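In: Build the 3D model from these lines:
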Amino acid sequence: MKSWCKFGLILSSVVYCVSISAQQPAADVSVEDLAKALTPAPPATRSLRNLTVAPVRTIDLVIQFEFNSARIQSVSDQQLLRLATAMNLEQLQTLRFQVEGHTDAKGSAQYNQALSEKRAQAVAQFLTKNGIASERLLAVGKGFSDLLNKEDPHSADNRRVRIMTIAP
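Out: The predicted structure follows:
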């Protein structure tokens, strides 16, 4: 029995990740840098024969929260304000973003899942209060399911908020 396929697609995804820390000087993380990191690449071709999937664009932000809380510390305000400004630039205005909360592996999975959800929602609320339409944001908690530093599950590197560009 012969099997025919009119066309086949092999899809792959590449994640471009930019880690930005709240401790970095303001001059190191500009609105333009944030916008560039979140702007999807233009489609490579219009032909289905040469279809390629644009890479997922993400930024990992180290947002400081009160201990055992979803309250954002003021040290992270400027970084989040620059992010809101970048999200409102012309090249990003039609895009949606997933705000992912991540934790380290200290504590139970259930506790960290709930905490990461609350922290993602806190960042989304901050962005909404600073001019980003809530319809453009999707807050998701990941707990410690996607560690940035797998070698050290308790590392502070794992406690972060990831902003991911999603389809408009």
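In: going forward, measure contacts and count neighbours with C-alpha atoms only.
Out: OK.
In: Tell me which residues touch the closest residue to Q93 other than its chain neighbours, please.
Out: For Q93, the nearest residue in space outside its immediate sequence neighbours is M87; the separation is 6.3 Å by Cα to Cα, 6 or more residues apart in numbering. Applying Cα atoms under 8 Å, 6 or more residues apart in numbering, we find M87 in contact with 35, 93, 132.
In: In a strand, the last one, correct?
Out: Meaning I132. No - with DSSP: H, G, I helix; E, B strand; the rest coil as the criterion, I132 is coil rather than part of a strand.
In: Look at the nearest residue to R82 once chain neighbours are set aside and say how many residues are nearby.
Out: Leaving aside its chain neighbours, R82 sits nearest to V31 (5.3 Å; criterion: Cα to Cα, 6+ apart). The number of residues packed near V31 is 20, by other Cα atoms under 10 Å.
In: cool, and the one 5 residues further on?
Out: Around K36 there are 15 other residues, counting by other Cα under 10 Å.
In: again with V161
Out: Other residues within reach of V161 by the criterion other Cα under 10 Å amount to 25.
In: who's in contact with the longest helix anywhere in the chain?
Out: Secondary structure of the chain read by DSSP state H shows that its longest helix is helix 109-129. If you take Cα under 8 Å, 6+ apart as the criterion, helix 109-129 is touched by 68-72, 80-81, 84, 99-105, 134, 137-144, 161.
In: before we move on, back to that, in PyMOL, select just the buried ones from the contacts of M87.
Out: Isolation of the buried members of the contacts of M87 (16 or more other Cα atoms under 10 Å) is achieved in PyMOL through the command below:
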select buried, resi 35+132
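In: got TSV for the contacts of M87, with distance to R57 and pLDDT too?
Out: Converted to TSV, the contacts of M87 look like this (distance: Cα to Cα, whole Å; pLDDT from 0 to 100):
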residue	distance to R57	pLDDT
A35	10	89
Q93	15	91
I132	18	97
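In: and of the contacts of M87, the nearest to E151?
Out: Proximity of the contacts of M87 to E151 (Cα to Cα) peaks at A35, which lies at 30.3 Å.
In: which ones are touching that closest one?
Out: For A35, the set of contacting residues under the criterion of Cα under 8 Å, 6+ apart consists of 83, 86-87, 89, 91-92.
In: ok but it is inside a helix, no?
Out: Yes - secondary structure of A35 (three-state DSSP): part of a helix.
In: out of the contacts of A35, which are buried?
Out: With burial judged by 16+ other Cα under 10 Å, the buried subset of the contacts of A35 is 83, 86-87, 92.
In: quick one: low-confidence ranges for this structure?
Out: Applying pLDDT under 70 to the chain flags residues 1-28, 42-55, 167-168.
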